[in-house]
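Asks: coordinates for the following, if possible.
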Amino acid sequence: MPMTVRDVLELPALQQAGPLVLAGRARLDATVRWVHVAEVPEIADLLRGGELVLTTGIGLPPDDDGLCRWIDTLADVGAAGVVIELGRRFGRALPAGLVERARSRDLPLVALRREMRFVAVTEVVHSVIVEEQTADLLANDEIHRIFTELSVEGAEPQQVLREVTRLSRRPAVLENLARQVLAYETGPLSAEELLDRWETRSRAVEVPSGTGYEPRSGWLVTGVEARGSRWGRLVLLCDQEPPARTKVLLERAASTIALNRLVAQDRSSVERQARSSLLWSIVTYSAPTRDVALRARGLGVGLEQRRLLGVIVRRRRLTRSTGVEMHTRQRELLDAVETAVRDRGLVALTGDVDELFGGEGVAVLVALGSADTDESALQGLSSALTEAGHPAGSDVVVAAGSVVGSLDLARRSLMEAAQVADATMHTAEPRPFYRLLDVRLRGLLHLLREDARLQTFVERELGPLLSYDQRHGTNHVTVLETYLVEGRNKQRAAAAMALSRSALYQRLQLIQRVLGVDLGSSETCLSLHVALTARDVMQLENFLGPAG
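Replies: Alright, predicted model coming up:
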């Protein structure tokens, strides 16, 4: 680690001279870049910042104003501190004006009460600095070698972060611009400690550009950019501001991740990119219909004079996963869908347009022939995904929009399919494929889950009972839900809850009092059932997080 003013003061040669810190005690941990012995007042012109100045004071200005100006010039240039030997010029104490000016400028000022040989200090400090610089050069060479190899190998971000943590012995995290963790290495921490409230903590740390250290959080941060576009940040958790070699390490790792990301993108087939781009144009209306038809024909997919069916294929979301895992799953899903389309002989555009529809997913625009039916096409696609034995085929949602008669309406079918996929992602009724008619109440509530009016409705219907349960540690909301799910049949509800009928009657009476409702009213029970279903949908969404 670089030497600080405090480190220099603790050297035996200086300790024997009886150092007395008179000013700038808060800046004793400033780095010492070099040591200068100077007996002339114009020394500031020769400094670049970070130097510790040693002097006997014999050549300094004779008056207080001159001494104060001398202190100002050193503080302005960024000197690390000043050490003045007493006896030759200043007797037993430094002038009060000199000390006060150093204090006002927060410049470390040290008086030596006994004579010493300055060379005993400069030799030690300079040797340590040179050794540190040599170590930096060797470390930089090692960093260059390691990350060059990782670049050539096309290493995944997880491998890059593993090397960062090995070399720095600190936790490292790769996040995207939404503050979602894409990859991480815990180092000495546990995963829970490292990732606890990550998004909140990350949003509190802003480093304008390049590489920067944020002392409050202890985060060293650098941007990850590809082709001039910033898409993420690399974070190293540090106890204190790290040395320059650590910053070089982080920047080199970020460059390796960005380069390998570009290489991975370039490895994708040109045809796949073209198909995805064409689907993007259809959904965003960013190209005339005639141009879209011509481009599709060039890709071997005739969309003119055809009935078109929009389909979205997504995985069911079961657990949270890192960004790297999601990228791998998305690639597997796209491979599986392309294979299924080819195996079933479907004429279709298939592309990865998850940014457009939100979350993981593959869009398919099927061009139906005159003898084809949408039901057979969807059944064939679903069967092919299941039968292929592909990792992505075992648990997917195939959602379809309406069949449309022209390319102008293709966007509508794709958007309908995206809505169906979103609404049926957590359905309890697995089916080969889903249409608009399959959405039903739970699907509708899922689509409306972020609407403040629905949230207000749930709170209005269930809020008093939820508060009662929280205060008393009871489960009356579960009792109410079971009663309604069992079709208001008290005997079945009591059996499902393992309660006696009398105990169930008492709880239902309490529920009526707390909510101020009559459970004998069909309309009231319907409203409560809808509120409970909406609450389930919103709780599931909060557990799983945003789509994708």
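Asks: any idea which helix or strand comes after the helix or strand harbouring residue 98?
Replies: If you go by DSSP states H and E, residue 98 is part of helix 96-104. Next helix or strand after helix 96-104 toward the C-terminus (DSSP H and E): strand 109-112.
Asks: ok, then the element right after that next one?
Replies: Note on strand 109-112: by DSSP H and E, the next helix or strand toward the C-terminus is helix 118-153.
Asks: returning to what we had before: list the buried residues of the helix holding residue 98.
Replies: 98, 99, 101, 102 (16 or more other Cβ atoms under 10 Å). The C-beta positions use only the backbone N, C-alpha and C, and glycine is treated the same way.
Asks: again, but for stretch 166-184
Replies: Using 16+ other Cβ under 10 Å as the test for burial, stretch 166-184 gives 167-168, 170-175, 180-184.
Asks: what do you get for stretch 9-18?
Replies: 9, 11, 13, 14, 17.
Asks: re earlier: residues making contact with the helix holding residue 98?
Replies: 22, 23, 24, 64, 67, 68, 71, 72, 82, 108, 109 (Cβ atoms under 8 Å, 6 or more residues apart in numbering).
Asks: restricted to strands, list those residues.
Replies: Using DSSP state E, 22, 23, 82, 109 are the members of the contacts of helix 96-104 that sit in strands.
Asks: show me what the closest residue to residue 191 other than its chain neighbours is bridged to.
Replies: Distance criterion Cβ to Cβ, 6 or more residues apart in numbering; nearest residue to residue 191, sequence neighbours excluded, is residue 184 at 7.5 Å. When bridges are called by DSSP bridges, residue 184 pairs up with residue 173.
Asks: next helix or strand past the least confident helix or strand in the chain by mean pLDDT?
Replies: Ranking every helix and strand in the chain by mean pLDDT, DSSP states H and E puts helix 354-357 at the bottom, with a mean of 62. Remark: after helix 354-357, the chain's next helix or strand is strand 362-368, criterion DSSP H and E.
Asks: buried stuff in the next helix or strand after that following strand?
Replies: For strand 362-368, the succeeding helix or strand toward the C-terminus, using DSSP H and E, is helix 374-387. By 16+ other Cβ under 10 Å, the buried positions in helix 374-387 come out as 374, 377, 378, 380, 381, 382, 383, 384, 385, 386.
Asks: which residue sits closest to the third one, ignoring its sequence neighbours?
Replies: Once its chain neighbours are removed from consideration, residue 378 has its nearest residue in residue 433; the separation is 4.3 Å (Cβ to Cβ, 6+ apart).
Asks: next, count neighbours for that neighbour.
Replies: 23 (other Cβ atoms under 10 Å).
Asks: quick check: it touching residue 383?
Replies: No - with contact defined as Cβ atoms under 8 Å, residue 433 does not count as touching residue 383 (9.9 Å).
Asks: could you list the domains of this protein?
Replies: 5-116, 143-267, 270-441, 452-544 (automatic domain parsing).
Asks: how far off centre is the longest one?
Replies: I take that to be domain 270-441. Here the centre of domain 270-441 is set off from its chain's centre by 28 Å, with Cα atoms, centre = their mean, to the nearest Å.
Asks: helices or strands up against the helix or strand encompassing residue 159?
Replies: Assigned by DSSP H and E, residue 159 belongs to helix 157-168. Under the contact definition 3 or more Cβ pairs under 8 Å, 6 or more residues apart in numbering; DSSP states H and E, helix 157-168 sits against helix 118-153, strand 172-176, strand 181-185, strand 229-237, helix 244-267.
Asks: what's the mean pLDDT across it?
Replies: Helix 157-168 shows an average pLDDT of 89 in the prediction.
Asks: quick one on the thing from earlier: okay, the helices and strands packed on helix 157-168 in TSV with distance to residue 36 and mean pLDDT next?
Replies: Below are the helices and strands packed on helix 157-168 laid out as TSV (distance: least, Cβ to Cβ, whole Å; pLDDT from 0 to 100):
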stretch	distance to residue 36	mean pLDDT
helix 118-153	9	78
strand 172-176	38	88
strand 181-185	42	83
strand 229-237	33	86
helix 244-267	21	78
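Asks: would you turn those into JSON lines with distance to residue 456?
Replies: Putting these into JSON lines (distance: least, Cβ to Cβ, whole Å) gives the following:
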{"stretch": "helix 118-153", "distance to residue 456": "52"}
{"stretch": "strand 172-176", "distance to residue 456": "32"}
{"stretch": "strand 181-185", "distance to residue 456": "33"}
{"stretch": "strand 229-237", "distance to residue 456": "37"}
{"stretch": "helix 244-267", "distance to residue 456": "43"}
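Asks: which one of the ones you listed lies closest to residue 505?
Replies: Checking the helices and strands packed on helix 157-168 against residue 505 by Cβ to Cβ gives strand 181-185 as the closest, at 50.2 Å.
Asks: mean confidence for the helix or strand just after the closest one?
Replies: Next helix or strand after strand 181-185 toward the C-terminus (DSSP H and E): helix 191-195. The average pLDDT for helix 191-195 rounds to 84.
Asks: check which element follows helix 191-195 along the chain.
Replies: helix 198-203.
Asks: in that following helix, which residues are buried?
Replies: Neighbour count says helix 198-203 has 198, 202 buried, by 16+ other Cβ under 10 Å.
Asks: was I right about residue 140 contacting residue 244?
Replies: No - Residue 140 lies out of contact with residue 244 (Cβ under 8 Å); the separation is 9.1 Å.
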